[in-house]
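J.: coordinates only, sequence not included:
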């Protein structure tokens, strides 16, 4: 009696070969599925974009958001066309100065010659108006090119003259170039001059009477 009880105490829950096979199967399969689930959870947490999302369906391997961004980048304009009235009145030099130049030249920021500073402008005035205008339009030092902005080149020139004259220069205020005169009125006269008037045909003289 005691021997049978001792043997039953040492026996486990697996009593048949079938139970052994099922136990071995699950002991290998269950950990694999657990590991796969943990890996997928970690990957989806680190990369939210890779998780299934109905709003970012793929289009040939590219999400809708990336596709839309690519289209917007390709449609981005590379330039613009601005139409200006060539006959509008020119802005005065002081107005252009206040709108575009005062940020630096009113305070002397970034080494710009301050408005009215005779010492700072003296050497620059000696170079002449054309040199000053060229520096303003193309840029010099910390000053960016001023051409191509809200004002015409001649208006930038007026601002240059305003600042230079405030420091003692005697530059004349530039004007818009006059349109070339047309020769429409002279064209008809010239045309008439080259047109030859055909001579009247001369009739042969009658033979002398006999």
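T.: Good, I have the coordinates. As the structure is a computational prediction, the values presented were derived from the model and not from experiment.

J.: Tell me the buried residues in stretch 122-129?
T.: 124, 125, 129 (16 or more other Cβ atoms under 10 Å). All C-beta atoms are positioned from the backbone trio N, CA, C, and that covers glycine.

J.: oh, I was asking about stretch 135-150
T.: With burial defined by 16+ other Cβ under 10 Å, the residues of stretch 135-150 counted as buried are 135, 136, 137, 143, 146.

J.: Repeat that for stretch 34-42.
T.: Within stretch 34-42, no residue is scored as buried using 16+ other Cβ under 10 Å.

J.: one step back: among the buried residues of stretch 135-150, which one lies nearest to residue 17?
T.: Using Cβ to Cβ, residue 143 is the member of the buried residues of stretch 135-150 that lies nearest residue 17, at 93.4 Å.

J.: As a check, name the ranges of all helices in this structure.
T.: Counting by DSSP state H, the chain has helices at residues 2-10, 17-46, 64-74, 93-96, 102-105, 118-126, 129-138, 153-166, 186-194.

J.: my guess is residue 120 contacts residue 111, does it?
T.: No: under the criterion of Cβ atoms under 8 Å, residue 120 makes no contact with residue 111, lying 9.4 Å away.

J.: more crowded one of the two?
T.: residue 120 (16 against 10; other Cβ atoms under 10 Å).

J.: Can you tell me, leaving aside adjacent residues, what's nearest to the more buried one?
T.: In this structure, residue 120 finds its nearest non-sequential neighbour in residue 113, 3.8 Å apart by Cβ to Cβ, 6 or more residues apart in numbering.
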